[in-house]
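Novice: What shape does this take:
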Amino acid sequence: MDASQQLILLILGCTIALFLWGRWRHDVVALAALMACVLTGLTPAADAFVGFGHPAVITVAAVLILSQGLQTTGAVEALAQRALPKRGGLLSLAVLTLLGACLSAFMNNVGAMALLMPLALQLSAREGLPPGRVLMPLAFGTILGGMTTLIGTPPNLIVAGFRARQDLGSFGMFDFTPVGLSVALGGVIFVVCTARWLVPKRAQPDVGSFDTGTYLTEVHIDADSKADGKTLAEVEQLLEDNDAQIVGMVRNDFRVTAPQPRRVLRAGDILVIEAEPEGLGASLTRLGLKLEEAVAPSNQEKTDEDSADAEKAASADQDSAAAGAEPSQPVTDPAGEQNSEADKAKEQQKEKDSKPSFSDEITVQELAVQPSASILGRSASDIQLRTRFGINLLAISRQGHRSIRRLRWTDIQAGDVLLLQGSPEAISGFASEYGCVPLAPRSILIPDRRKALYAVSIMLGAIALAAFGILPAAVAFMAGVLGYMLTRVIPLRRIYEAVDWPIIVLLAALMPLAAAMADTGAADLLAQTLLQHFAQGNAIIALTLMLIVTMTLSDFMNNAATAAVMCPIALSVASQLGVNPDSFLMAVAIGASCAFLTPIGHQNNTLILGPGGFRFGDYWRLGLPLEILVVLISIPMLLWAWPL
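Specialist: Model (predicted):
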């Protein structure tokens, strides 16, 4: 092992460790790895950014835009509404999961999951099923469907790119179908038939909604509240009947995380309550409490919200003004009091005139935060949720974590479920802008049939151009994007918002890293170690190991990163065995697409974490048997479709 091999393996090991740690986003880690390769001389500076022009990267960006068009025009939702049976729980689940798999074959699978999630929740409510037993099969089905075509998932495009780099030509649109379709069909049948027993039950069948876990919310004590004058112990005893508990309180702008049970509550106090969604309303009614964020904000609070960053740094809160607390200094000048009242009236009129012009209908809706949402790491105060959108953040549901901060200052994380209050238009606009998915039935505008027809026609045209070899995939799908622009399927100002830029940066940054592994001989070295110590020269054992190792890595790190790391090793193993490299590349494609053991292996797994009420360890119960089934189906199909 020479110095360059040691260096690239060290960089690779650190990269994988950082991926698994999850402290930094995947694209940040990949960019750091690229810079390390350039600074150490493993990658020429002139070639550092060639990955951004790689056909696989261009195709991923184009497919994301085309998928967005299918979503926003209502084309996919119209198809889903017509395809789903009106009765029959198992049949409806099977059709929904199969539909998700089919959609994922030709559009971004996260987009397919986001579109079908509300339908899944409606199905669970209609059939009296725990939502998780509908959501997990759907999530796994959309993941399985992506492996059936070239554009179904980024790992397939990466594998095709590496094949082209070896002067073997790129894989075609449906070269992945024989193996991918067999695995997808077997997997969909398995998850639909076994979800009843293998998916943990996290909600009662007679509950009309779904189990998002407990909500953490703030409630305000008014002067006429039953809690005024009672001790914390007395209030907690009343809350126990509704499965709620007090986890903190705020008095005079100070947060008390472990208040004494003998502390007497008074008007103006704010209680931090942890409650089940079904018991939250009953708790408020019984004690005459009000949700703190539902209280109309005062002018002082609006000023504070406009300077959220400064307020956050100072760690202070002005909620007592919104709660109706008395001013600290008495007003004694009558003239000053009259002027103050006049000023207040002017301010109220100004506030009324500047309020967002949405409808008078006010609803309460739950939104799930997607892994790619732009609100991640930001709080309601940071984005001025109340002043910009006219929306109140009533509660946050987050599995396994209690925020020790005020609700409005709590940073939003992937998988959170937000309980929002506002007009349907305002909530819909917020969800669209910040990447959240509504979990309750949505108020949807009438789809634009003309644009939906354009979107479907352009997508089918791009697929046909790539499938028949008339144009390379990257050119065909980018031509589709141009068609979207010309027909205004997506507004020009929002066309690039559909691109998941962290994924693009991740793919582009890892291309030179993978090339450095091959150029330095590090991939050959790893392949030789795998063959000598584990496979012992047996091609079938080596193929099985390649699939299992790739699948395991994909459970804990990004699937595109897994494919980029494993492709050079797969090519080297095939070269040393003197067998068909396509068999090993296909094994990498299948393995990188099968992340079923954890909520962090794939974005769709993360998306259902909150709405399904899942815990980290819930996924393997269905995921592990499914991954074993994938291996049992894949190896014979690989040997048949891509003989060694």
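
Novice: Tell me the helices and strands packed up against whichever strand or helix holds residue 519.
Specialist: Assigned by DSSP states H and E, residue 519 falls within helix 501-520. The contact analysis (3 or more CB pairs under 8 Å, 6 or more residues apart in numbering; DSSP states H and E) places helix 501-520 against helix 3-21, helix 26-39, helix 55-72, helix 154-165, helix 559-577. Every residue, glycine included, has its C-beta placed from N, CA and C.

Novice: what mean pLDDT does it have?
Specialist: Taken as a whole, helix 501-520 has an average pLDDT of 83.

Novice: Can you list the neighbours in contact with the next helix-or-strand element following it?
Specialist: Per DSSP H and E, the first helix or strand lying C-terminal to helix 501-520 is helix 522-530. Helix 522-530 is contacted by residues 1, 4-5, 8-9, 12, 516-517, 542, 545-546, 568-569, 571-573, 575-576 when judged by CB atoms under 8 Å, 6 or more residues apart in numbering.

Novice: In a strand, residue 421, correct?
Specialist: Yes. Judged by DSSP: H, G, I helix; E, B strand; the rest coil, residue 421 forms part of a strand.

Novice: Run a quick neighbour tally on the residue nearest to it when sequence neighbours are not counted.
Specialist: Leaving aside its sequence neighbours, residue 421 sits nearest to residue 392 (CB to CB, 6 or more residues apart in numbering; 4.3 Å). Look at residue 392: counted by other CB atoms under 10 Å, it has 22 neighbours.

Novice: Residue 504 too?
Specialist: 20.

Novice: now it: how far from residue 595?
Specialist: Per CB to CB, to the nearest Å, residue 504 is found 20 Å from residue 595.

Novice: before we move on, back to that, quick one: closest of the helices and strands packed on helix 501-520 to residue 117.
Specialist: Nearest to residue 117 among the helices and strands packed on helix 501-520 is helix 55-72; the distance by CB to CB comes to 12.2 Å.

Novice: and residue 504, what is it in contact with?
Specialist: The contact partners of residue 504, taken as CB under 8 Å, 6+ apart, are 52, 57, 60, 61.

Novice: Please apply the same query to residue 627.
Specialist: Residue 627 makes contacts with 551, 594, 596, 597, as judged by CB under 8 Å, 6+ apart.

Novice: hmm, try it at 6 Å
Specialist: Residue 627 makes contacts with 551, 594, 596, as judged by CB atoms under 6 Å, 6 or more residues apart in numbering.

Novice: same deal with residue 110?
Specialist: For residue 110, the contact set (CB under 6 Å, 6+ apart) comprises residue 603.

Novice: Going along the chain, name the strands of this structure.
Specialist: Using DSSP state E, the strands of the chain run over residues 215-220, 244-251, 254-256, 270-275, 290-291, 363-369, 392-397, 417-422, 436-438.

Novice: Which neighbours in the sheet does the longest one have, and how are they oriented?
Specialist: So that's strand 244-251. Applying DSSP bridges to the sheet, strand 244-251 is found paired with strand 254-256 (antiparallel), strand 270-275 (antiparallel).

Novice: can you tell me the average pLDDT over it?
Specialist: Averaging pLDDT along strand 244-251 gives 76.

Novice: Okay, the residue nearest to residue 421 and residue 376: tell me how far apart.
Specialist: Counting by CB to CB, the gap from residue 392 to residue 376 is 21 Å.

Novice: do the same with residue 120
Specialist: Using CB to CB, residue 120 is found at 23 Å from residue 376.

Novice: These two: who's more crowded?
Specialist: Set residue 120 next to residue 376 and count neighbours by other CB under 10 Å: residue 120 wins out with 30 against 17.

Novice: any idea how far residue 176 is from residue 567?
Specialist: 14 Å.

Novice: Go through the contacts of residue 627 and say which is closest to residue 124.
Specialist: residue 596 (20.3 Å).

Novice: Could I get the contacting residues of the closest one?
Specialist: Counting by CB under 6 Å, 6+ apart, residue 596 makes contact with 140, 623, 626, 627.

Novice: could the residues you listed go into a markdown table alongside pLDDT?
Specialist: Listed next are the contacts of residue 596 as a markdown table, based on pLDDT from 0 to 100:
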| residue | pLDDT |
| --- | --- |
| 140 | 94 |
| 623 | 92 |
| 626 | 95 |
| 627 | 94 |
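
Novice: Can you name the two of the contacts of residue 504 that sit furthest apart?
Specialist: That would be 52 and 60, which, of the contacts of residue 504, are the farthest apart (CB to CB) at 11.5 Å.

Novice: Give me the more crowded residue out of the two.
Specialist: Comparing residue 52 with residue 60 by other CB under 10 Å, the one with more neighbours is residue 60, at 26 against 15.

Novice: Which residue, neighbours along the chain excluded, lies closest to the more buried one?
Specialist: In space, and not counting its chain neighbours, residue 60 is closest to residue 154: 5.3 Å by CB to CB, 6+ apart.

Novice: low-scoring stretches of the stretch 451-600 of the chain, by residue?
Specialist: Scanning the stretch 451-600 of the chain for pLDDT under 70 picks out 600.

Novice: now with 80?
Specialist: By pLDDT under 80, the weakly predicted segments of the stretch 451-600 of the chain are 493-494, 514, 518, 523-524, 526-537, 556-558, 599-600.

Novice: The stretch 251-400 of the chain too?
Specialist: Counting by pLDDT under 80, the stretch 251-400 of the chain contains low-confidence ranges at 251-261, 272-365, 372, 386, 392, 394-395, 397-400.

Novice: tell me the least confident of the contacts of residue 504?
Specialist: Lowest pLDDT within these is found at residue 60 (81).

Novice: doesn't residue 153 make contact with it?
Specialist: No. Residue 60 is beyond contact range of residue 153, at 9.3 Å (criterion: CB atoms under 6 Å).

Novice: related to what we said a few turns ago, looking at the helices and strands packed on helix 501-520, which is closest to residue 583?
Specialist: Nearest to residue 583 among the helices and strands packed on helix 501-520 is helix 559-577 (7.1 Å), distances taken as CB to CB.

Novice: hang on, the earlier thing: CSV for the contacts of residue 504, including distance to residue 380?
Specialist: What follows is these, written out as CSV (distance: CB to CB, whole Å):
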residue, distance to residue 380
52, 35
57, 35
60, 32
61, 31
